[in-house]
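Visitor: Generate a structure from the sequence data that follows.
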Amino acid sequence: MKYQILLVEDDEFKRKKIQEFLYTEDWCGEVVTAVSVSGAIRELDESTFDILLLDMAIPNHDDGADGAQGLGGLAVFRYLQMISKKTHVIVVTQFEALKEGSTVVDINTLEELLAKEFKTQFRGLVRYLTDTDAWKFSISNMVEEIRK
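Guide: Next comes the predicted model:
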């Protein structure tokens, strides 16, 4: 089965690296991209996706004028939950911690919070690092779990 994927990532370099990886995988079908909360919501309204690869630090709007939001990806998660689409979500972040207002959330705590709030959709958190391919193996392993 080939999965339809929505990749939500505002960093162009990271987005291209993830896309390059996805197109090497036999389970990857069409990949649609969005760069913001509003872009992701627009795509979720227009199409159905099997897997959502979601960066948490994304701006609210495509022009990025508001800058990346520490936990902007939460809005996408909550929207997905609200519209009741059965899309599997894998969070891909390059940060060890994210700032939301005056609160700093490390990725281990974030992973626990996401698992608790989004039980049925959250499939895991992947740490994206440019100097290793470990993130690729993590995504592949999570997709293998989805396939079972």
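Visitor: can you give me the strands in this structure?
Guide: Assigned by DSSP state E, the chain shows strands spanning 3-8, 28-34, 51-54, 88-93, 97-100, 103-106, 122-127.
Visitor: For the closest residue to I83 other than its chain neighbours, list the residues it contacts.
Guide: Nearest non-adjacent residue to I83, counting by Cβ to Cβ, 6 or more residues apart in numbering: L44, 6.8 Å away. To be clear about C-beta, it is placed using only N, CA and C from the backbone, and glycine gets the same treatment. By Cβ atoms under 8 Å, 6 or more residues apart in numbering, the residues touching L44 are 6, 76, 79-80, 83, 85, 87.
Visitor: Kindly recompute the last result at 10 Å.
Guide: With contact set as Cβ atoms under 10 Å, 6 or more residues apart in numbering, L44 has these partners: 6, 8, 32, 34, 52, 76, 79-80, 83, 85, 87.
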